[in-house]
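Visitor: sharing a sequence plus its predicted fold:
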Amino acid sequence: MSRWKRVVSEVRADVAAARDRDPSAQKVSTFEILSSWAGVQALLAHRVAHALYEAELPFLPRFLVYLTRSVTGVEIHPAARIGREFFIDHGSGVVIGETAEIGERVTLYQGVTLGGTGFQRGKRHPTLGDNVTVGSGAKLLGPIAVGDGAKIGANTVVVEDVPPGATVVGNPGHPVKVDGRRVEGPDADWIHLPDPIAEAIKTLSQRLAELERRLAELDGAESPDPTAAELRERTGRSSAGG
Ligand SMILES: CC(C)(COP(=O)(O)OP(=O)(O)OC[C@H]1O[C@@H](n2cnc3c(N)ncnc32)[C@H](O)[C@@H]1OP(=O)(O)O)[C@@H](O)C(=O)NCCC(=O)NCCS
């Protein structure tokens, strides 16, 4: 019986977490969240499937996972261990493997995979600490550890341990901030990576401008505006502002 009391209290905490962390759920009733938030439904089903799995019931836990995936697009293995106040925003496309362990107050966005790297057995999925955020489309692969308070950027591929409080972005993922401070060092800038194609176009454009200038000199004509053929730096607001 205490197992089912635990499930009810976990589900209550999960609904409160959804209201707390999803700006669009602020004034929404518990009934509406339970009936319309796919991430919350998937988690609710996992809480039940996990309890059935712990009770060593055959068939039912996995069948529940199958039904839940069909409705929500979220697949959580019934053996995965998930802490309190977990929240999956939007739901769809999330996969959480059998030996994954997730701490308290963790947030995942759609399309996140906590998976293995191949066909190995035993512990083969990630362990996430408390207060971790994983952005949409991020893939965390292998039995890696993600420290408390870490943030994994959208579309990042993480295959190594992440220190507590780090922000990791890129493929493969690298820490660009730790505890809110930028990582220093010659190999620390994993955000502004060179773009070889843009560089090649820029070089061609510069050579074209030079050729046009020389041709104009030979013809005795006025040189064309060289900036017209050159690439300009990208400008505009960055989405990193929030
Ligand atoms: C990583 C993230 C959590 C921000 O963490 P943060 O610690 O506040 O980091 P910042 O916003 O200061 O970003 C640090 C740098 O990483 C860059 N960055 C942020 N997210 C990135 C990403 N996913 N991929 C590549 N670079 C990224 C920023 O542009 C910034 O670069 P700058 O130094 O040129 O300004 C956030 O950008 C993110 O990806 N959130 C996921 C949100 C999501 O999935 N939303 C879906 C809603 S449907």
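Guide: Perfect, thanks for sending it.
Visitor: can you give me the neighbour number for Arg124?
Guide: 18 (other CB atoms under 10 Å). Bear in mind the C-beta positions are built from the backbone N, C-alpha and C, glycine included.
Visitor: that one touches Leu114, doesn't it?
Guide: No. Shown here, Arg124 and Leu114 do not form a contact pair, counting by CB atoms under 8 Å, at 10.6 Å.
Visitor: between these two, which contacts overlap?
Guide: Gly97 (CB atoms under 8 Å, 6 or more residues apart in numbering).
Visitor: three-state assignment of Ser35?
Guide: Following DSSP: H, G, I helix; E, B strand; the rest coil, Ser35 is assigned to helix.
Visitor: pull the number of nearby residues for Tyr66.
Guide: 10.
Visitor: and it, its phi and psi?
Guide: Main-chain dihedrals, Tyr66, degrees, to the nearest 10: phi -60, psi -50.
Visitor: this protein: helices as residue ranges?
Guide: Using DSSP state H, the helices of the chain run over residues 2-21, 30-36, 38-54, 60-72, 196-219.
Visitor: least trustworthy helix or strand in the chain by mean pLDDT?
Guide: Least confident helix or strand, the chain: helix 2-21 with a mean of 88, by mean pLDDT, DSSP states H and E.
Visitor: output that one as CSV, restricted to C-alpha atoms.
Guide: In CSV, the C-alpha atoms belonging to helix 2-21 read as follows (Å, rounded to 0.1, in the frame of the first residue of the first chain):
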residue,chain,number,x,y,z
SER,A,2,2.8,2.4,0.8
ARG,A,3,4.1,2.0,-2.7
TRP,A,4,0.7,3.4,-4.1
LYS,A,5,0.8,6.2,-1.5
ARG,A,6,4.2,7.1,-2.9
VAL,A,7,2.9,7.0,-6.5
VAL,A,8,0.0,9.4,-5.6
SER,A,9,2.4,11.9,-3.8
GLU,A,10,4.9,11.7,-6.7
VAL,A,11,2.1,12.5,-9.2
ARG,A,12,0.9,15.5,-7.1
ALA,A,13,4.5,16.8,-7.0
ASP,A,14,4.9,16.3,-10.8
VAL,A,15,1.7,18.3,-11.6
ALA,A,16,2.9,21.1,-9.3
ALA,A,17,6.3,21.0,-11.2
ALA,A,18,4.5,21.3,-14.5
ARG,A,19,2.5,24.4,-13.2
ASP,A,20,5.7,25.8,-11.8
ARG,A,21,8.0,25.4,-14.8
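Visitor: that one near the ligand at all?
Guide: No. Against the ligand, helix 2-21 shows no contacts by CB under 6 Å from any ligand atom, the least distance being 11.4 Å.
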